[in-house]
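In: Need a 3D model of the sequence below.
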Amino acid sequence: MIDFSLAQQFIEKIEADLKVLGINLDDFYIDHLCYRVASTVRYNELKSELEKEHKLLHEAMISSRPIATYKLLEPVKYKHHRIPLLELPAPKEDADYKEGFEHIECVIDESFVSFSSKYEDIEFDWKGAQKNHNPELRIKLGDLSIKFHHNSLEDVIKSELK
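Out: Okay, the predicted model is just below:
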């Protein structure tokens with residue numbers, strides 16, 4: 001099972017790395033956490049375990065592999081944040097993932113250009129900014145990262161299911 005107590009250390013590390021870059025995590029709504037697995041077998045094991053306590057909102061094929069999103073029975077708490085969702089992607093073929101929390105995603109209410117211009121010294125990853133499905137702007141923090149979106153994952157799923 002996923003040890004959610006490790007989420008605290010994971011978010012603390014991201015928060016510390018962001019602080020060095022001049023970004024205050026408290027200024028954002030953390031939409032969800034992403035937990036990576038190394039194999040499809042482990043993905044299926046965790047899906048079965050998570051479905052016992054949490055609500056599967058959606059499982060979709062994205063970038064040639066399934067990604068499951070869960071509404072957590074109890075949100076992950078970190079300071080004033082209450083993080084309601086967990087994203088569990090199956091590994092991409094030929095990708096080598098270490099199991100554990102990998103990134104957080106936050107919702108912003110301004111354009112990526114406007115947002116990034118506030119932090120001119122930060123090297124943003126723009127690769128996902130042109131995606132048709134939930135575009136993103138990412139900051140890599142070593143093995144971890146933070147992604148910024150315009151819509152919460154839960155809202156994106158609701159619109160897809162209509």
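
In: thinking E49 is in contact with V37, fair?
Out: No - using CB atoms under 8 Å, E49 makes no contact with V37, being 11.6 Å away. (Each C-beta comes from the backbone N, C-alpha and C, glycine too.)

In: got a list of what K47 touches?
Out: Each residue near K47 by CB atoms under 8 Å, 6 or more residues apart in numbering is listed here: 56, 59, 68, 88.

In: For this structure, just list every one of the helices.
Out: With DSSP state H as the criterion, the chain has helices at 6-21, 40-53, 112-117, 153-161.

In: Alpha carbons of stretch 22-39, in PDB - could you do that?
Out: In PDB, the C-alpha atoms belonging to stretch 22-39 read as follows (Å, rounded to 0.1, in the frame of the first residue of the first chain):
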ATOM      1  CA  GLY A  22      11.500  32.400  -4.800                       C
ATOM      2  CA  ILE A  23       8.200  30.600  -5.000                       C
ATOM      3  CA  ASN A  24       6.000  30.200  -2.000                       C
ATOM      4  CA  LEU A  25       4.000  27.000  -2.200                       C
ATOM      5  CA  ASP A  26       1.400  28.500   0.200                       C
ATOM      6  CA  ASP A  27       0.300  30.700  -2.600                       C
ATOM      7  CA  PHE A  28      -1.200  27.800  -4.600                       C
ATOM      8  CA  TYR A  29      -3.900  25.200  -4.500                       C
ATOM      9  CA  ILE A  30      -2.300  21.800  -4.600                       C
ATOM     10  CA  ASP A  31      -4.700  19.900  -6.800                       C
ATOM     11  CA  HIS A  32      -3.200  16.400  -6.600                       C
ATOM     12  CA  LEU A  33      -0.200  14.200  -5.900                       C
ATOM     13  CA  CYS A  34       1.300  11.800  -8.400                       C
ATOM     14  CA  TYR A  35       2.600   8.400  -7.200                       C
ATOM     15  CA  ARG A  36       4.800   6.500  -9.700                       C
ATOM     16  CA  VAL A  37       5.400   2.800 -10.000                       C
ATOM     17  CA  ALA A  38       8.000   0.800 -11.700                       C
ATOM     18  CA  SER A  39       5.900  -1.900 -13.400                       C
END
